[in-house]
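Asks: Sequence first, predicted model second:
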Amino acid sequence: MGRLEGKSVVITGAGSGIGRAASLLFTKEGAKLIAVDKTEGVKETAKLVADAGGTVEAVMADAGNEADVKAFIAKAVSKYGKLDAIWANAGISGGLVPLADQTVEHWQEVLRVNLIGPFLAIKHSIPHMTKQGHGSIICTASVAGLKSGASGHPYGASKAGVISLVQITAYSLSGTGVRINAVCPGLIETGMTKPIFDNAKARGTDHKIGQLNPLKRPGQPHELAAMGLFLASDEASYVNGQAIPVDGGLTASMPYAGKPI
């Protein structure tokens with residue numbers, strides 16, 4: 001029996017990268033999934049899951065829009081009868097625009113998706129989970145939310161906000177049986193980080209990618225998915241209010257500040 005056998009799960013940002021890897025792993029472990037993304041990629045994810053024998057429904061929605069979030073959570077409860085876990089994984093890059101050139105509009109969009117999105121997932125999940133007396137909420141933060149030097153200003157600030165939101169919410173849910181944690185990816189090879197990998201290859205420095213962490217390599221989406229699987233499972237029943245780096249050891253010393261690849 002899989003570690004998520006019979007559990008109803010929602011994953012946002014499921015159209016690619018970490019979200020797609022998590023969708024495949026969670027359903028392999030028995031989860032019944034609502035896969036959410038604002039792009040057509042979520043349909044491909046659903047096809048991959050279905051071809052592998054998993055249970056999934058794809059929903060095209062904006063994880064930073066309250067009406068959309070309320071609707072896809074309600075769909076999970078209606079279709080599967082409950083909501084056991086949600087992974088608020090959808091996010092966008094803030095880019096590396098010089099501080100003086102950044103706009104309020106850009107900041108607002110990054111915060112809307114990266115921080116308000118997880119808030120909305122929490123807000124609309126907890127009524128169902130507290131009624132059940134159990135549930136696991138996972139939010140994707142970043143090592144950029146733990147220390148400076150890993151991203152641009154709006155992205156790092158948004159992910160620091162996610163970590164704070166998770167910690168505050170853990171205490172807000174005291175006694176309910178509902179857990180909440182954040183995962184903090186390091187340099188993971190996804191669509192969001194593709195420019196880093198492409199630029200390094202163009203300069204002939206791709207061999208240096210990931211060399212700043214003790215494992216001397218970048219991470220892969222399935223390695224984040226494995227941490228999410230643990231946090232969503234009953235095996236993590238005493239893990240709550242944590243921001244867990246999955247970064248090859250990078251944040252053990254944070255050696256990358258001011259050292260672009």
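Replies: Now that the structure is in, tell me what you want to look at.
Asks: Tell me, how many residues neighbour the closest residue to residue 96 other than its chain neighbours?
Replies: Once flanking residues are discounted, residue 96 sits nearest to residue 152: 4.7 Å by CB to CB, 6 or more residues apart in numbering. For glycine as for every other residue, the C-beta is placed from the backbone atoms N, C-alpha and C. Other residues near residue 152 number 18, with proximity taken as other CB atoms under 10 Å.
Asks: Give me the contacts around the strand or helix carrying residue 22.
Replies: Per DSSP states H and E: residue 22 is located in helix 17-28. With contacts defined as CB atoms under 8 Å, 6 or more residues apart in numbering, helix 17-28 is touched by 2, 4, 9, 11-14, 33, 35, 37, 41, 45-46, 48-49, 52, 54-56, 87, 89-90, 140, 185, 188, 190-192, 220-222, 224-226, 228-229, 232.
Asks: elements contacting the helix or strand following that helix?
Replies: Going down the chain from helix 17-28, the next helix or strand is strand 32-37, by DSSP H and E. Counting by 3 or more CB pairs under 8 Å, 6 or more residues apart in numbering; DSSP states H and E, the packing neighbours recorded for strand 32-37 are strand 8-12, helix 17-28, helix 41-51, strand 55-60, helix 66-80.
Asks: Mind pulling the model confidence for residue 1?
Replies: Residue 1 carries a pLDDT value of 71.
Asks: meant to ask about residue 210, not that
Replies: So residue 210 comes in at 59 (pLDDT).
Asks: ditto for residue 175
Replies: With respect to pLDDT, residue 175 scores 97.
Asks: can you check residue 95 too?
Replies: On pLDDT, residue 95 comes in at 79.
Asks: I'd guessed it sits against residue 152; true?
Replies: Yes - taking contacts as CB atoms under 8 Å, residue 95 lies within contact range of residue 152: 5.5 Å.
Asks: Now do the lengthiest strand in the chain, average pLDDT.
Replies: Criterion DSSP state E: the longest strand present in the chain is strand 178-185. Mean pLDDT, computed over strand 178-185, is 97.
Asks: following the helix or strand of the chain with the lowest mean pLDDT, which helix or strand shows up next?
Replies: Sorted by mean pLDDT, DSSP states H and E, the helices and strands of the chain end with helix 194-203, the least confident at a mean of 64. Using DSSP H and E, the helix or strand that follows helix 194-203 in sequence is helix 221-232.
Asks: name the helices or strands packed onto that following helix?
Replies: helix 17-28, strand 85-88, strand 135-140, strand 178-185, strand 243-246.
Asks: Which one, of the ones you listed, ends up nearest to residue 106?
Replies: strand 135-140 (20.0 Å; CB to CB).
Asks: Any idea how far the closest one is from the middle of the chain?
Replies: For strand 135-140, the separation from the chain centroid amounts to 9 Å (computed by CA atoms, centre = their mean, to the nearest Å).
Asks: Now do the buried residues in that strand.
Replies: 135-140 (16 or more other CB atoms under 10 Å).
Asks: and if you look at stretch 105-113?
Replies: 106, 110-113.
Asks: Can you tell me which of the residues you listed comes closest to residue 175?
Replies: Distances from residue 175 to these, taken by CB to CB, are shortest for residue 111, at 30.3 Å.
Asks: Just the element for that closest one, please.
Replies: Using DSSP H and E, residue 111 sits in helix 104-111.
Asks: From the contact counts, what lies against that helix?
Replies: Judged by 3+ CB pairs under 8 Å, 6+ apart, helix 104-111 is in contact with helix 153-172.
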